[in-house]
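S.K.: Generate coordinates for the sequence data below:
(2 chains)
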Protein chains: 2
Amino acid sequence: MTEPPINRPGRLIGVSLGPGDPDLITRRAWSALRSSASAALGAGARWVYPVKGRGAESYALEIARRAGLVVPADAEALHFPMTSEPAALALAWTRAGLRCAELLAEGRDLLFLVEGDASTYSTFGHLARAVRGLDAGIGIEVIPGVTSFHAAAARIAQPLAEEGETFAVIPAAVGLAGIERLLDEVDTLVLLKVKPLLDPLLDLLERRGLLEQACFIEKVGAPDERIVREVGRLRGATVAYLSLLLVRRPPRSAR
Amino acid sequence: MTEPPINRPGRLIGVSLGPGDPDLITRRAWSALRSSASAALGAGARWVYPVKGRGAESYALEIARRAGLVVPADAEALHFPMTSEPAALALAWTRAGLRCAELLAEGRDLLFLVEGDASTYSTFGHLARAVRGLDAGIGIEVIPGVTSFHAAAARIAQPLAEEGETFAVIPAAVGLAGIERLLDEVDTLVLLKVKPLLDPLLDLLERRGLLEQACFIEKVGAPDERIVREVGRLRGATVAYLSLLLVRRPPRSAR
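M.R.: Numbering: from 1, shown residues only, chains lettered A, B, ... in the order given. The predicted model follows:
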């Protein structure tokens, strides 16, 4: 009797799709997605993508669809609940890691589709660690992408930083004290996920004389993108989860 | 007698080529470059690209060449000297702006090729302001791209930031005091253009117990890319201009 052939496991590849506009997908990500989408079912790399719950939509998958890519029939959703509860998160990462390890054992590469950039506020790092924790020999690759804040700066033709300048990126949930300390240190501040703290942030910017230096951008590059330059008008408004504020301080010579 | 037809001026478009690997060019930048490269001479958009002096090589143009694009015969170099002398810089920006305004008056779009991302430590912002200073009606567009630090994080499969974390980007020339203050505030620090300050930076990282949390990446994605994880070994070494350090502090719970 012969043993069944042992497959070499596939690699886990984080595929960055950029912030929403399918034209901002890189040539490498495009080529990886297209070749797997056009391969015969069960051949080529397999797609996995994050969703926030069973039956929920995946923003990453939506970008791929808008790009005109046909989603392979065996593409699979991985569930990452919207929670900051450590135990629930750890459970989700472990479950997703187990499922990826199962799929990788079949020998096909796994393409994990992520919006934005896979190294920047993405679930990919957690997933990669969970998979490596189960099998340290699994190869991990990352295809970098354009972030929402780089696309936002381009969209309003405003530099994020020029020579000799600094910038920082901070999720609003870090809190007002941390935001204020970073405001003192950098030339441009990128505030991400501003939805739950929008009014207090606007108060802070007003107090610092920075309301006119700020610009609000929601779902950059998506069909329902929204740009608000007079950010004071957003007080009391409900904004999308994928929204940010770019705050560019006056030149140092003018402070 | 009839007046000669008045051309509508072209647009100035900042085309981000990413950090060095031609596969990291976005689909939009690729499409803009390829359609102008294949247009008849004198038709399509015109290429301009930055060089540091007459006869010098352009890193942005080198990326386009490595991508297999044929450089149009009427592509033109714009000179931006390597100096921090304000008068010399202002003169270079004004000259480049004048030349772009002349070319734009012919009615063709201008594609200004930049390495990395056009909003991030790029000459493009200065050029766009110089052009708009001459003719406020000129349309400016920016095609965003992948930055060197996003590509570097992907290359070593290490997150720049995960949920609830912050990161800052700082050119080493800002100085050790500013770097140290930002180190206190953020989870990941990206130190750019480290060449002139490498040894003092390594001393600072050692003093802070962060040598093992740092990774050095030079010319990411280029054929002569170099990655050094034991950064202490770089003391006394000469490194390239396009080099950076990623410093990831231990998780907050472990500090």
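S.K.: only C-alpha atoms for contact and neighbour calcs from this point on.
M.R.: Will do.
S.K.: which parts of the stretch 151-255 of chain A sit against chain B?
M.R.: Within the stretch 151-255 of chain A, the positions near chain B by Cα under 8 Å from any Cα of the partner chain are A:151, A:153-155, A:157-171, A:173-174, A:178, A:181-182, A:185.
S.K.: among those, which are in strands?
M.R.: Here DSSP state E is the test, and these give A:167-171 as lying in strands.
S.K.: Which one (most neighbours) among those?
M.R.: A:Ala168 (27 neighbours; other Cα atoms under 10 Å in any protein chain shown).
S.K.: List the contacts of that one.
M.R.: A:182, A:186, A:188-190, B:166-169 (Cα atoms under 8 Å, 6 or more residues apart in numbering or on different chains).
S.K.: Sketch out the strands for the stretch 51-200 of chain A, chain order is fine.
M.R.: Along the stretch 51-200 of chain A, counting by DSSP state E, counting those that start in this stretch, strands occupy A:76-79, A:110-114, A:140-143, A:167-171, A:188-192.
S.K.: Buried deepest among those, which one?
M.R.: Here the criterion is mean neighbour count by mean count of other Cα atoms under 10 Å in any protein chain shown, and of these the winner is strand A:110-114, at a mean of 26.
S.K.: name the helices or strands packed onto that strand?
M.R.: strand A:12-16, strand A:46-51, helix A:59-66, helix A:86-105 (3 or more Cα pairs under 8 Å, 6 or more residues apart in numbering or on different chains; DSSP states H and E).
S.K.: outside of that strand, which residues touch it?
M.R.: Applying Cα under 8 Å, 6+ apart, the set of residues contacting strand A:110-114 is A:10-17, A:33, A:45-50, A:60-61, A:100, A:103-104, A:122, A:124.
S.K.: My guess is A:Leu104 contacts A:Arg46. True?
M.R.: No: when contacts are counted by Cα atoms under 8 Å, A:Leu104 is not listed as touching A:Arg46 (9.2 Å).
S.K.: who's more crowded, those two?
M.R.: A:Arg46 (25 against 22).
S.K.: For the more buried one, list the residues it contacts.
M.R.: Counted by Cα under 8 Å, 6+ apart, A:Arg46 has contacts A:36, A:72, A:74-75, A:108-111.
S.K.: Low-confidence regions, the stretch 1-150 of chain A specifically.
M.R.: A:1-7 (pLDDT under 70).
S.K.: Next to chain B, which bits of it? Give me the list.
M.R.: So far as Cα under 8 Å from any Cα goes, the stretch 1-150 of chain A lies against chain B at A:23-28, A:117-123, A:125, A:140-147, A:150.
S.K.: coming back round to it: who wins for proximity to B:Ala240 among the strands of the stretch 51-200 of chain A?
M.R.: For the strands of the stretch 51-200 of chain A, proximity to B:Ala240 was assessed by Cα to Cα; strand A:167-171 is nearest, at 23.0 Å.
S.K.: Produce a PyMOL select command limited to the buried residues of the contacts of strand A:110-114.
M.R.: Buried residues within these, by 16 or more other Cα atoms under 10 Å in any protein chain shown, are selected in PyMOL with:
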select buried, chain A and resi 10+11+12+13+14+15+16+17+33+45+46+47+48+49+50+60+61+100+103+104+122+124
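S.K.: for the stretch 151-255 of chain A, what spans make up the helices?
M.R.: Using DSSP state H, counting those that start in this stretch, the helices of the stretch 151-255 of chain A run over A:176-185, A:198-207.
S.K.: what about the last one, average pLDDT?
M.R.: Meaning helix A:198-207. Helix A:198-207 shows a mean pLDDT of 97.
S.K.: Show me what it is packed against.
M.R.: helix A:176-185.
S.K.: again, only using 10 Å
M.R.: helix A:176-185, strand A:243-248 (3 or more Cα pairs under 10 Å, 6 or more residues apart in numbering or on different chains; DSSP states H and E).
S.K.: what would these look like in TSV with mean pLDDT and mean neighbour count?
M.R.: Shown next, in TSV, are those (pLDDT from 0 to 100; neighbours: other Cα atoms under 10 Å in any protein chain shown):
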stretch	mean pLDDT	mean neighbour count
helix A:176-185	95	16
strand A:243-248	97	24
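S.K.: any chance of these in JSON lines, with distance to A:Gly68 too?
M.R.: JSON lines is the format used below for the helices and strands packed on helix A:198-207 (distance: least, Cα to Cα, whole Å):
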{"stretch": "helix A:176-185", "distance to A:Gly68": "39"}
{"stretch": "strand A:243-248", "distance to A:Gly68": "25"}
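S.K.: list the residues that contact both of A:Leu104 and A:Arg46?
M.R.: A:10, A:12, A:110 (Cα atoms under 10 Å, 6 or more residues apart in numbering or on different chains).
S.K.: ok, A:Pro50 - contacts?
M.R.: A:Pro50 neighbours (Cα under 10 Å, 6+ apart): A:56-61, A:76-81, A:96, A:112-115, A:122-124.
S.K.: That should have said A:Gly175, apologies.
M.R.: A:197, A:200-201, B:164.
S.K.: cool, and A:Glu62?
M.R.: With Cα under 10 Å, 6+ apart, A:Glu62 has these contacts: A:20, A:22, A:68-69, A:71, A:115, A:222.
S.K.: Same check on A:Pro223?
M.R.: A:20-21, A:66.
S.K.: Give me the subset of the contacts of A:Glu62 lying in helices.
M.R.: Mapping these onto helices (DSSP state H) picks out no residues; all lie outside.
S.K.: between the helices and strands packed on strand A:110-114, which one is nearest to A:Gly133?
M.R.: When the helices and strands packed on strand A:110-114 are compared (using Cα to Cα), the closest one is helix A:86-105, at 8.6 Å.
S.K.: Contacts for that closest one next, please.
M.R.: A:6-12, A:45-46, A:48, A:50, A:76-83, A:109-110, A:112, A:123-135, A:138.
S.K.: Buried residues, that helix. List them.
M.R.: Within helix A:86-105, the residues that count as buried by 16+ other Cα under 10 Å are A:89, A:92-98, A:100-101, A:103-105.
S.K.: next one: stretch A:129-144
M.R.: Quick answer for stretch A:129-144 (16+ other Cα under 10 Å): A:129-132, A:138, A:140-144.
S.K.: I figured A:Arg255 hits A:Arg249, correct?
M.R.: Yes: if you go by Cα atoms under 10 Å, A:Arg255 and A:Arg249 touch, sitting 8.4 Å apart.
S.K.: Specify which residue of the two has the higher count of neighbours.
M.R.: For A:Arg255 and A:Arg249, the more surrounded residue by other Cα under 10 Å is A:Arg249, and the numbers stand at 20 against 6.
S.K.: For the more buried one, list the residues it contacts.
M.R.: Residues in contact with A:Arg249 (Cα under 10 Å, 6+ apart) are A:183-184, A:186-189, A:208-210, A:212-214, A:255.
S.K.: again, only using 6 Å
M.R.: A:Asp187 (Cα atoms under 6 Å, 6 or more residues apart in numbering or on different chains).
S.K.: which residues does A:Arg229 contact?
M.R.: So A:Arg229 contacts A:Cys215 (Cα under 6 Å, 6+ apart).
S.K.: Model confidence for it, exactly?
M.R.: 97.
S.K.: Relative to A:Gly116, how far out is the closest residue to A:Arg66 other than its chain neighbours?
M.R.: Ranked by Cα to Cα, 6 or more residues apart in numbering or on different chains and with sequence neighbours excluded, the top spatial neighbour of A:Arg66 is A:Pro22, at 6.5 Å. Distance of A:Pro22 to A:Gly116, computed by Cα to Cα, to the nearest Å: 11 Å.
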